[in-house]
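**Q** can you look at this prediction? I've put the sequence above it.
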Amino acid sequence: NAGVTQTPKFRVLKTGQSMTLLCAQDMNHEYMYWYRQDPGMGLRLIHYSVGEGTTAKGEVPDGYNVSRLKKQNFLLGLESAAPSQTSVYFCASSYDARGGYTDTQYFGPGTRLTVL
Amino acid sequence: AQKITQTQPGMFVQEKEAVTLDCTYDTSDPSYGLFWYKQPSSGEMIFLIYQGSYDQQNATEGRYSLNFQKARKSANLVISASQLGDSAMYFCAMRVTGGSYIPTFGRGTSLIVHP
């Protein structure tokens, strides 16, 4: 049981390049989230999904796209990276419908992205 | 809109003493959950404790307890018998159980435990 995993752990991009961050969970969770964490700002929600095939915008969605084609995976894409997207990105998941409702989010280890 | 406020950017405590980290929240929704997470210097986010808005008793998990005062809209984290390993950032978070389902996090409190 790996919990929530993120790939890659570190990445350096040049302005204008694209990349995809992969999040995978093996807890049968319905909900998945992508956050970014910047110094002094706490966590800010980028996009989230409440089930396979669904996505929705969070607090700071501009410049990012997401997809949830499989229940266990949630992908975050940057089509044209900008220095303002330098951050630590966290994926999280919650809510196993078999186990009853719970709000608790479980987080991946994070991806440190630098855009030059 | 929901809001979480953590007014203490940094806290210091002596090892083996208790410490309270403050969290106030704002929501008009009657049904919500409150969470605390720990982020050590290694970077991972670790779930500590959960309190539901309709829970009658304050939540406890080992050395962690949540002092839930609904009328004052506060959800302070109490760590008893602090240990050096408790040094970390602590985040308070909330999610209403109706509506947008978007969680809201505070900006965090840095706790340093002195030997």
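**A** Looks like it came in fine. Treat the numbers as computed from the prediction; the structure is a model and nothing was measured.
**Q** flag the shaky bits of chain A, pLDDT-wise.
**A** For chain A, the stretches flagged by pLDDT under 70 are A:96-102.
**Q** give me the number of residues near A:Glu52?
**A** Residues lying near A:Glu52 (other CB atoms under 10 Å in any protein chain shown) number 14. For the C-beta atoms, the positions are set from N, CA and C on the backbone; glycine is no exception.
**Q** so is the residue most central in space within chain A in a helix, a strand, or just coil?
**A** Nearest to the mean C-alpha position of chain A, by CA atoms, centre = their mean, lies A:Trp34 at 2.7 Å. Here A:Trp34 takes the strand state, with states given by DSSP: H, G, I helix; E, B strand; the rest coil.
**Q** one more: B:Gly43?
**A** coil.
**Q** circling back to that earlier point, isn't the residue nearest to the centre of chain A up against A:Tyr48?
**A** Yes - if you go by CB atoms under 8 Å, A:Trp34 and A:Tyr48 touch, sitting 7.1 Å apart.
**Q** return every residue with contacts to both of the two.
**A** Common contacts of A:Trp34 and A:Tyr48 (CB atoms under 8 Å, 6 or more residues apart in numbering or on different chains): A:Gly58.
**Q** next to chain B, which bits of chain A? Give me the list.
**A** Contact residues (CB under 8 Å from any CB of the partner chain) of chain A with chain B: A:31, A:33, A:35, A:40-45, A:48, A:50, A:58-59, A:88, A:90, A:92, A:101-107, A:109-110.
**Q** cutoff 7 Å now
**A** Chain A comes close to chain B at residues A:40-43, A:45, A:48, A:50, A:58, A:90, A:103-107, A:109-110, as judged by CB under 7 Å from any CB of the partner chain.
**Q** most neighbours of all these, which one?
**A** The most crowded member of these, judged by other CB under 10 Å, is A:Leu43 (27 neighbours).
**Q** that one pairs with what?
**A** Counting by DSSP bridges, A:Leu43 is bridged to A:Gln37.
**Q** list the residues that contact it.
**A** A:35, A:37, A:90, B:91, B:105 (CB atoms under 7 Å, 6 or more residues apart in numbering or on different chains).
**Q** could you dump those to JSON lines with distance to A:Gln25?
**A** Listed next are the contacts of A:Leu43 as JSON lines, based on distance: CB to CB, whole Å:
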{"residue": "A:Tyr35", "distance to A:Gln25": "15"}
{"residue": "A:Gln37", "distance to A:Gln25": "19"}
{"residue": "A:Phe90", "distance to A:Gln25": "13"}
{"residue": "B:Phe91", "distance to A:Gln25": "20"}
{"residue": "B:Phe105", "distance to A:Gln25": "20"}
